[in-house]
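Participant: predicted model and sequence below, questions to follow.
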Amino acid sequence: MQTFANYTYERPNIPKVKEDFYQKLVQFQNAASLDAAIDAIDELNAIRNHLSTMYNLVFIRASIDTRDEFYHNERDFFDEHLPEIQELDTAFYKELLKSSFEAQLRNKYGSQLFDLAECQIKAFSKEIIPLLQTENKLTSAYSKLIASADINFRGESYTLAQLGPFSEDPDRETRKEALEARQSFFAENKEKLDSIYDDLVKTRQQIAEKLGYKNFVEVGYLRMQRIDYNAEMVERFRRQVEEVIVPIATKLYEKQAKRIGVDSLKFYDESFAFSSGNATPKGTPEWIIENGKQMYDELSEETSEFFQYMLDRELLDLEAKKGKESGGYCTYIEDYQSPFIFSNFNGTSGDIDVLTHEAGHAFQVYSSRHFSVPEYYFPTSESAEIHSMSMEFFAYPWMETFFKEEVEKYKYAHISDAIQFLPYGVAVDEFQHLVYENPGWTPEERNQAWRNLEKKYLPHRNYDGIESLESGAFWQKQGHIYEDPFYYIDYTLAQVCAFQFLKKSQENRGKAWQDYIDLCKLGGSKPFLELVQSADLQSPFEEGTVEAAVSFIEDWLENIDDQKL
Ligand SMILES: [Zn+2]
């Protein structure tokens with residue numbers, strides 16, 4: 001059996017690939033029968049899959065070892081040619097929508113492929129290429145600035161990521177000073193951060209106008225491929241979060257203050273959940289993986305087969321090691337039908353979340369590998385997070401294996417975090433609606449808007465006089481706002497769906513699991529609300545869904561004596 005190390009990479013000959021591609025595209029245009037059209041689509045997809053396979057191999061291997069010069073050169077090569085590769089997709093989509101067999105093809109593949117194609121076409125025109133290049137330059141300027149942070153804290157220098165663990169330090173003074181050190185970076189770079197975002201908003205407004213839209217909101221939704229919901233529905237969802245979740249979250253923060261023994265919870269206390277420290281896995285990385293295998297063996301036949309597949313082909317790179325990039329992700333290597341999971345185990349409960357969350361993504365794409373349409377391997381992002389976040393819950397019965405006597409503490413923290421994230425998540429979304437609806441705002445007006453949203457969604461928040469935070473600049477640390485506009489509500493929509501799976505799994509585990517498996521097999525073949533419906537879940541946009549999804553969680557949290565955790 002071939003393992004990941006033996007998956008072959010060869011740099012694609014781009015001019016030759018393009019020539020082949022356009023030749024097949026002509027075959028598709030001239031197809032005399034439906035079968036001929038389908039054959040041409042299959043061949044076009046084979047070319048697209050192969051390109052994507054080469055890209056993924058480069059991306060994965062470069063992230064596993066940042067010192068590997070070969071794969072770094074290859075990554076630069078792809079970065080340079082990505083626009084040309086994307087042009088191939090657009091060319092294909094245009095022909096697809098014009099095809100004389102469109103009705104029959106819709107019948108065969110479903111409408112989703114055509115709707116996705118339309119989103120891409122509506123969000124692009126040759127005229128906006130220079131503006132897209134400007135946008136790219138600005139987002140890279142942001143990520144470079146953030147990565148360049150070299151923060152002096154108690155005589156040592158740290159990156160923003162390296163400062164992270166101090167937010168959980170048992171010593172309150174340490175937490176406070178670390179936060180002040182972090183914010184000094186944002187205060188010193190205020191002008192740069194403001195001007196990058198100001199330019200981004202103006203550039204995106206121009207993109208929208210050139211494409212014929214009033215403002216960038218619609219373009220943002222098209223880029224996120226939101227096919228069956230709109231900004232008004234999202235607004236109604238945010239209101240449910242405000243009414244139902246904010247009071248629960250506020251109560252959780254009050255209990256936390258009592259638990260850690262402070263009179264009033266300050267922002268630098270928020271990540272310090274328990275005086276005794278957070279729950280940690282009770283073993284080495286190898287032990288975690290072994291127990292993970294046992295968990296997936298016991299969970300179901302499907303997950304057992306899936307996890308064995310990942311192990312046999314060595315498709316998991318989980319341990320932190322020298323030269324490895326930070327973070328975690330799951331991707332899919334098309335030609336080898338192989339999901340791949342990348343992470344950096346660090347001895348925290350996050351290691352187990354990788355094993356459930358990223359494995360949830362991987363299990364979904366593994367279950368969808370039967371599709372002939374590459375667009376259907378993964379669903380759009382709000383749907384994709386349902387699989388990963390729900391797997392975290394389906395794995396609950398095995399958490400005792402990993403956390404032993406701290407299992408209750410783990411679950412309490414896991415669920416509280418999920419609840420507390422929702423108000424922040426919708427605030428980030430509302431902020432972006434406001435910003436792009438008011439492209440003429442000054443940086444000060446934007447900060448004021450953010451501060452107002454914090455008062456609405458995070459009323460407990462107390463910055464203890466730290467100037468840049470009091471003035472409303474917190475949002476500047478949220479990369480999505482700069483780099484992926486409107487990509488955020490997705491996490492909150494998916495979380496509400498995952499809560500429903502948790503509830504269903506407690507009422508009837510067999511049915512809940514079957515619904516989950518069926519959902520994984522549907523991949524991205526349908527838009528969000530159809531997937532939700534097919535999994536027998538309630539739409540998060542429907543009045544009452546949020547409350548129904550969390551009332552049992554509220555009871556569960558009430559009945560736990562958290563002061564003893
Ligand atoms: Zn995810």
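Facilitator: Perfect, I can see it now.

Participant: buried ones in stretch 164-177?
Facilitator: For stretch 164-177, the neighbour count (16 or more other C-beta atoms under 10 Å) marks 166-169, 174-177 as buried. Backbone N, C-alpha and C define where each C-beta goes, glycine included.

Participant: from the residues you listed, which land in helices?
Facilitator: Among the buried residues of stretch 164-177, the members falling in helices (DSSP state H) are 174-177.

Participant: and the strand or helix carrying Glu84, what's buried?
Facilitator: Applying DSSP states H and E as the criterion places Glu84 in helix 69-98. Within helix 69-98, the residues that count as buried by 16+ other C-beta under 10 Å are 71, 74-75, 77-78, 81, 85, 88-89, 92-93, 95-96.

Participant: then stretch 370-386?
Facilitator: 371, 373-386.

Participant: re the thing from before, pLDDT of the helix holding Glu84, averaged?
Facilitator: The average pLDDT for helix 69-98 rounds to 92.

Participant: which elements pack onto that helix?
Facilitator: Contacts defined by 3 or more C-beta pairs under 8 Å, 6 or more residues apart in numbering; DSSP states H and E place helix 69-98 against helix 14-29, helix 34-64, helix 112-122.

Participant: repeat the analysis, applying 10 Å as the threshold.
Facilitator: In terms of contacts (3 or more C-beta pairs under 10 Å, 6 or more residues apart in numbering; DSSP states H and E), helix 69-98 is packed against helix 14-29, helix 34-64, helix 102-109, helix 112-122, helix 129-147.

Participant: how about the last one: buried residues?
Facilitator: When burial is assessed from 16+ other C-beta under 10 Å, helix 129-147 yields the following buried residues: 131, 134-135, 138-139, 141-142, 146.

Participant: need the residues that contact the helix or strand following it.
Facilitator: As assigned by DSSP H and E, the chain's next helix or strand after helix 129-147 is strand 151-153. By C-beta atoms under 10 Å, 6 or more residues apart in numbering, the residues outside strand 151-153 that reach it are 157-160, 162-163, 166, 174, 177-178, 180-185, 188.

Participant: quickly list what the nearest residue in space to Met310 that is not next to it in sequence is bridged to.
Facilitator: Leaving aside its sequence neighbours, Met310 sits nearest to Leu316 (C-beta to C-beta, 6 or more residues apart in numbering; 5.6 Å). According to DSSP bridges, the residues that bridge with Leu316 are Ile341.

Participant: quick one: neighbours of Leu316, just the number.
Facilitator: Applying other C-beta atoms under 10 Å, we find 22 residues neighbouring Leu316.

Participant: with the one 5 residues further on instead?
Facilitator: Applying other C-beta under 10 Å, we find 10 residues neighbouring Lys321.

Participant: and what of Ala161?
Facilitator: If we define neighbours as other C-beta under 10 Å, then Ala161 has 12 of them.

Participant: what's the strand or helix carrying it in contact with?
Facilitator: Applying DSSP H and E as the criterion places Ala161 in helix 160-163. Outside helix 160-163, the residues that touch it by C-beta under 10 Å, 6+ apart are 146-151, 153, 156, 178-179, 181-182, 185-186, 326-327, 477.

Participant: got a PyMOL select line for the buried ones in the contacts of strand 151-153?
Facilitator: Buried subset of the contacts of strand 151-153, written as a PyMOL selection, criterion 16+ other C-beta under 10 Å:
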select buried, resi 158+160+163+166+174+177+178+180+181+182+183+184+185
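
Participant: is it true that Phe28 touches Tyr93?
Facilitator: No: the criterion here is C-beta atoms under 10 Å, and Phe28 misses it with Tyr93 at 11.7 Å.

Participant: contact partners for the nearest residue to Thr250 once chain neighbours are set aside?
Facilitator: Once flanking residues are discounted, Thr250 sits nearest to His460: 5.1 Å by C-beta to C-beta, 6+ apart. His460 makes contacts with 246, 249-254, 256-257, 264-265, 267, 270, 420, 423, 454, as judged by C-beta under 10 Å, 6+ apart.
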